[in-house]
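J.: Sequence below, structure please.
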Amino acid sequence: MDTNKIRIRTVTEDDADSLLAIYAPYVRKTAITFEYEVPDVSEFRERIRHTLQKYPYIAAEYEENILGYAYAGTFIGRAACDWSVEVSIYLREDVKNRGLGRLLYDTLERLLKLQNIQNVNACVACTNTEDEYLTNNSIQFHQHMGYRLVGRFDRCGYKFGRWYDLAWLEKHIGAHEAEPEPFIPFPRIVRPPVL
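T.: Numbering: from 1, shown residues only. Okay, here's the model as predicted:
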């Protein structure tokens, strides 16, 4: 795969099938997500639509095939946290460790800065004992991307007959001025959808 030919673009609701095909194995075979059931396509379309009303939802595409995606979402849901987001990323199983995660997160952070976001936060499943369902690769990836571990909830998720932890990581991408510029919804900062 020629990484120079990877295109990052905003997803649309019509991408729901492709994104769901990437996400479904994480639900069925891992504890990376704590969902038990794979959502149906209509629910996934709604998740995309809802996210794009305020935040970026982007995909890495190669020869018209989506290889992975990343998006931001509300953090806490209170006005004082308008300058913070929670981020998520999912890659197709066969394309990991090729720089796609960095490419997606770098693009996502660039877009979030345009929205005047100051903090990006990631809530990551983790474990004291790695197994066939969960490793700590996600924490390592986020730390490699400049995130720092700020908290951990022990044995708060139960999946596949085992208890798993959640870690919170954060990264500052803004200057945290005394009077920050107001949050700008994603639809107001990006046109066209190719990034």
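J.: What is the burial count for residue 164?
T.: Residue 164: 23 surrounding residues under other Cβ atoms under 10 Å. In this view, the C-beta of every residue, glycine as well, is placed from N, C-alpha and C.
J.: was I right about it contacting residue 153?
T.: No: with contact defined as Cβ atoms under 8 Å, residue 164 does not reach residue 153; the gap is 9.8 Å.
J.: Run through the helices of this protein in chain order.
T.: With DSSP state H, the ranges of helices along the chain come out as 16-29, 41-52, 100-114, 137-144.
J.: what stretches of the chain score poorly on pLDDT?
T.: Scanning the chain for pLDDT under 70 picks out the ranges 1, 190-195.
J.: want to throw the helices of the chain into a markdown table with distance to residue 59 and mean neighbour count?
T.: Formatted as a markdown table, the helices of the chain follow (distance: least, Cβ to Cβ, whole Å; neighbours: other Cβ atoms under 10 Å):
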| stretch | distance to residue 59 | mean neighbour count |
| --- | --- | --- |
| helix 16-29 | 7 | 16 |
| helix 41-52 | 10 | 16 |
| helix 100-114 | 8 | 19 |
| helix 137-144 | 18 | 16 |
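J.: Out of those, which gets nearest to residue 185?
T.: Closest of these to residue 185 is helix 41-52, at 9.4 Å (criterion: Cβ to Cβ).
J.: Tell me what angle the closest one forms with helix 16-29.
T.: Helix 41-52 and helix 16-29 are oriented at 110 degrees to each other (axes from the mean of the first three to the mean of the last three Cα atoms, to 10 degrees).
J.: picking up where we left off before, quick one: which of the helices of the chain is nearest residue 90?
T.: helix 16-29 (5.4 Å).
J.: Thanks a lot, see you next time.
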